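K.L.:
One predicted model, sequence on top.
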Amino acid sequence: MPDHPVILRLNARTFPVHPIEKEILDPLHVQWIEIEGDNDDEILGSGRHADAVMIVSAYLHGPVISRMENLKVIARLGTGVDKIDIDEATRQGILVTNSPDFSTDEVADHTMALLLASARKLKHHERLCRMGKRPASVEGMRRLSTQTLGIVGFGRIGHAVARRAAAFGMRILVHDPYLDSRALLESGIEPADFDTILEQSDFLAFLCPLTPKTREMIAIEQLQKMKPTVTIINTGRGELFREKDVAEALKNGRIQAAGIDVYGGINVFQEEGFSTEHPYFSMQDNMILTPHVAANSEESLIHAKRDAAESVRDVLSGISPKHIVNKDVIPKLPLQGHISMTEREKW
């Protein structure tokens, strides 16, 4: 290991380095390079010789990864890794790590908050109250115990949402290609194919990762299969929706409501603020928008930064980290305790 390993910390302006990161890594006598990393040139210009990259929301493209000859680990301060070229990292022998459980409770709570706000029409009633107007109708307000929640993507967060929804007496349908259907049925949760979950859900929560298969999984064709009274909730990834189709469906009454925390066409992390010209912003009472805050809490922030720093510390110390995304990677340098999926298959 070099005397002074170089750590390139991206998104250092919008998500400053936390003392916990320094506490964990400074004993290795590391050299910190702290930049935002808005583009490839900035990243390569500052961190071409980095041993580790720690990243929140920037893009790390394949051509950049391939030119960082000393790079051993890319540590995501969070869960999703769709902005990192995993395939190129794997080809280069670079481990990619994440923090898969740093915000399970927070995202589940936020998903339920969007569901409840829509179910109880909070935006509409708060507006009436501030205008001094009494409510004129209960149309569209249904007892939750009579309603069906569909969950698309049944990982840690999906399970946590299901537990919360069950407390309200909701019927719960789930769709995930990796479901253990028997175990689900024993728990009272019903597995469903994609069309069934679209057609039968009163509330539909999207909690799956962004992959080539899930990108724009909800477009006009899928929206037409839903109940006109459905509320769709996205706390997964914005690109799961074809956003212009969702906005149009809300505008023409094809679906009733939406709660959105993530966006494909809006970068809510821009330092100078972001444009509100997106079609979502033309919706009023039938759409609740939050700026990618579902994962946020004081606890989750520290959790994610601790996990990333510990992953970097372990790799730079010659130890296999806990949460490896590209499990088939063969590291540039041997790591104590690391067995790749490729090596397992040889057994």
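P.N.:
All right, it came through fine. This one's a predicted model, so the numbers in the text were calculated from it and none came from an experiment. Residues are numbered from 1 along each chain as shown.

K.L.:
residues touching the spatially closest residue to residue 284 that is not a sequence neighbour, list them.
P.N.:
Leaving aside its chain neighbours, residue 284 sits nearest to residue 123 (7.6 Å; criterion: C-beta to C-beta, 6 or more residues apart in numbering). The way it works is simple: take the backbone N, C-alpha and C, and place the C-beta from them, glycine included. Counting by C-beta atoms under 8 Å, 6 or more residues apart in numbering, residue 123 makes contact with 117, 284, 285, 288.

K.L.:
For residue 123, give me phi and psi.
P.N.:
phi -60, psi -50 (degrees, to the nearest 10).

K.L.:
With the one 4 residues further on instead?
P.N.:
Note on residue 127: its backbone torsions stand at phi -60, psi -40 [degrees, to the nearest 10].

K.L.:
That one against residue 121, yeah?
P.N.:
No: the criterion here is C-beta atoms under 8 Å, and residue 127 misses it with residue 121 at 9.8 Å.

K.L.:
Now the common contact residues for the two.
P.N.:
residue 285.

K.L.:
These two: which is more packed in?
P.N.:
For residue 127 versus residue 121, the count of surrounding residues by other C-beta atoms under 10 Å is larger for residue 121: 20 against 13.

K.L.:
what sits against the residue nearest to the more buried one when sequence neighbours are not counted?
P.N.:
Nearest non-adjacent residue to residue 121, counting by C-beta to C-beta, 6+ apart: residue 141, 6.2 Å away. Counting by C-beta under 8 Å, 6+ apart, residue 141 touches 119, 120, 121.

K.L.:
The closest residue in space to residue 175 that isn't next to it in sequence: which element?
P.N.:
Residue nearest to residue 175 in three dimensions, not counting chain neighbours: residue 197, with 4.6 Å by C-beta to C-beta, 6+ apart. Assigned by DSSP states H and E, residue 197 belongs to helix 194-200.

K.L.:
buried residues in that helix?
P.N.:
197, 198, 200 (16 or more other C-beta atoms under 10 Å).

K.L.:
so the last one sits right up against residue 150, yeah?
P.N.:
Okay, so that is residue 200. Yes: assessed by C-beta under 8 Å, residue 200 is found in contact with residue 150 at 7.1 Å.

K.L.:
any shared contact partners between those two?
P.N.:
Counting by C-beta under 8 Å, 6+ apart, the residues touching both residue 200 and residue 150 are 173, 192.

K.L.:
does residue 57 sit in a helix, a strand or a coil?
P.N.:
Put simply, residue 57 is coil when judged by DSSP: H, G, I helix; E, B strand; the rest coil.

K.L.:
Sort out for me which of the contacts of residue 141 are in helices.
P.N.:
Members of these lying in helices (criterion: DSSP state H): residue 119.

K.L.:
circling back to that earlier point, in terms of distance to residue 68, which of the contacts of residue 123 ranks first?
P.N.:
residue 288 (40.6 Å; C-beta to C-beta).

K.L.:
just checking, the closest one touches residue 115?
P.N.:
No: with contact defined as C-beta under 8 Å, residue 288 does not count as touching residue 115 (9.9 Å).

K.L.:
what about the helices in this structure?
P.N.:
Going by DSSP H, the chain shows helices at 19-25, 40-47, 62-66, 86-91, 104-119, 122-130, 156-167, 181-186, 194-200, 220-223, 243-251, 298-316, 341-346.

K.L.:
So which of these is nearest residue 33?
P.N.:
Comparison of those against residue 33 by C-beta to C-beta identifies helix 40-47 as nearest, at 5.4 Å.

K.L.:
List the buried residues of the closest one.
P.N.:
By 16+ other C-beta under 10 Å, the buried positions in helix 40-47 come out as 43, 44, 46, 47.

K.L.:
And for stretch 214-233?
P.N.:
In stretch 214-233, counting by 16+ other C-beta under 10 Å, buried: 214, 217, 218, 222, 223, 226, 230, 231, 232, 233.
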